[in-house]
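Asks: Give me coordinates for this.
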Amino acid sequence: MKRMLVAAALAGVLSASALAVELPAEITKRGSIKLAVVPNYPPMEFRDPATNALSGFDIELGEAIARKLGVKLEWQETSFAEFMPSIATGRVDAVLSGFTDYASRHEIATFVDYLRTGPQFFVQQSRAAEFKDIAALCGKKVGASRRTKYPEQIAAWSEKHCASNPVFFVGTDGSADARTQLKQGRIDAAVQGNETLPYIMDLEPSAYKPVGEAIADQFVGIAVPVKEKGLQQAMLEAVDALIVDGTYKTLLAKWKLTDNALEKATINAGQ
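Replies: Below is the predicted model of the structure:
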């Protein structure tokens, strides 16, 4: 029994020391980490309608990471367009806000990837019979956020599968706008990250129907300044520790993201 207790104690020490990486001096001195967020992308991050408090998978993941690192957490609300400038100028330490890891962003940010995602077509449930398979989207109006890679991914899919009857793309001001246009009948289908659809479909029962599978593989990551190697390693080890201790799995289940799980955090896996 004593040997078992000693072994357990040693395991605890090793687990704690595994996260004893050197954080940037400014973060250590401040005692907190500043994370940029735009709370308009449920279930990743949003404001609870009842309390106006920040809520969502990313919010709880950020809090868990801060606990692992032994620092407090400061959320800095900003706009999507300010994510990269905020990192480049040091206004925040990192971005944790459903931010997709693209190779085109690696010059400024290193991404610690913690979730798998992909663009997913969906339609109104009332029109589901018109879209029994994904090929039925050819020749239709499809809306998606113009601030993402979805426009070019939809175009690539259309070119490959629709030949002379291509998808007609309609740019929107985000996923919420795409859903609004879908309800208004201004577009026939919409596209957003497949990590968001189960939650949205629960909020609006019988409103939407996914069509086909995700048309590309992508990763969501914590964006950290390229020069901050210590912070990158700290984030990586913190996420991996949350995977090992079961916190990550619990949060995924809570926010209906189990199908988007990664077995291990990765660095700059996005293309």
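
Asks: mind listing the helices for the stretch 151-271 of the chain?
Replies: 175-183, 197-203, 229-245, 247-254 (DSSP state H, counting those that start in this stretch).

Asks: could you dump those helices to a markdown table with distance to Ala109 and mean neighbour count?
Replies: Heads up, the C-betas are built off the backbone N, CA and C, glycines and all. Putting those into a markdown table (distance: least, CB to CB, whole Å; neighbours: other CB atoms under 10 Å) gives the following:
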| stretch | distance to Ala109 | mean neighbour count |
| --- | --- | --- |
| helix 175-183 | 22 | 19 |
| helix 197-203 | 26 | 15 |
| helix 229-245 | 10 | 20 |
| helix 247-254 | 22 | 16 |
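
Asks: what would the ones you listed look like in a markdown table with mean pLDDT and distance to Pro39?
Replies: Supplementary listing: the helices of the stretch 151-271 of the chain in a markdown table, determined by pLDDT from 0 to 100; distance: least, CB to CB, whole Å:
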| stretch | mean pLDDT | distance to Pro39 |
| --- | --- | --- |
| helix 175-183 | 94 | 12 |
| helix 197-203 | 92 | 14 |
| helix 229-245 | 97 | 20 |
| helix 247-254 | 98 | 17 |
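
Asks: so can I have CSV of those helices showing distance to Ser164?
Replies: What follows is those, written out as CSV (distance: least, CB to CB, whole Å):
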stretch, distance to Ser164
helix 175-183, 25
helix 197-203, 30
helix 229-245, 46
helix 247-254, 42
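
Asks: Of all those helices, which one is nearest Ala214?
Replies: helix 197-203 (10.0 Å; CB to CB).

Asks: which secondary structure elements does that closest one contact?
Replies: Contacting helix 197-203 under the criterion 3 or more CB pairs under 8 Å, 6 or more residues apart in numbering; DSSP states H and E are the following elements: strand 208-211.

Asks: Would you indicate which residues of the strand it packs on are buried?
Replies: 208-211 (16 or more other CB atoms under 10 Å).

Asks: likewise stretch 254-271?
Replies: Buried residues in stretch 254-271, counted by 16+ other CB under 10 Å: 255-257, 260, 262, 265-270.

Asks: mind checking the end-to-end distance for that stretch?
Replies: 29 Å (CA to CA, to the nearest Å).

Asks: do the same with stretch 118-135
Replies: 18 Å.

Asks: and what of stretch 133-152?
Replies: Its start and end residues considered, stretch 133-152 measures 21 Å (CA to CA).

Asks: Please point out which parts of that stretch sit buried.
Replies: For stretch 133-152, a neighbour-count test (16+ other CB under 10 Å) marks 134, 136-138, 140-145, 148-151 as buried.
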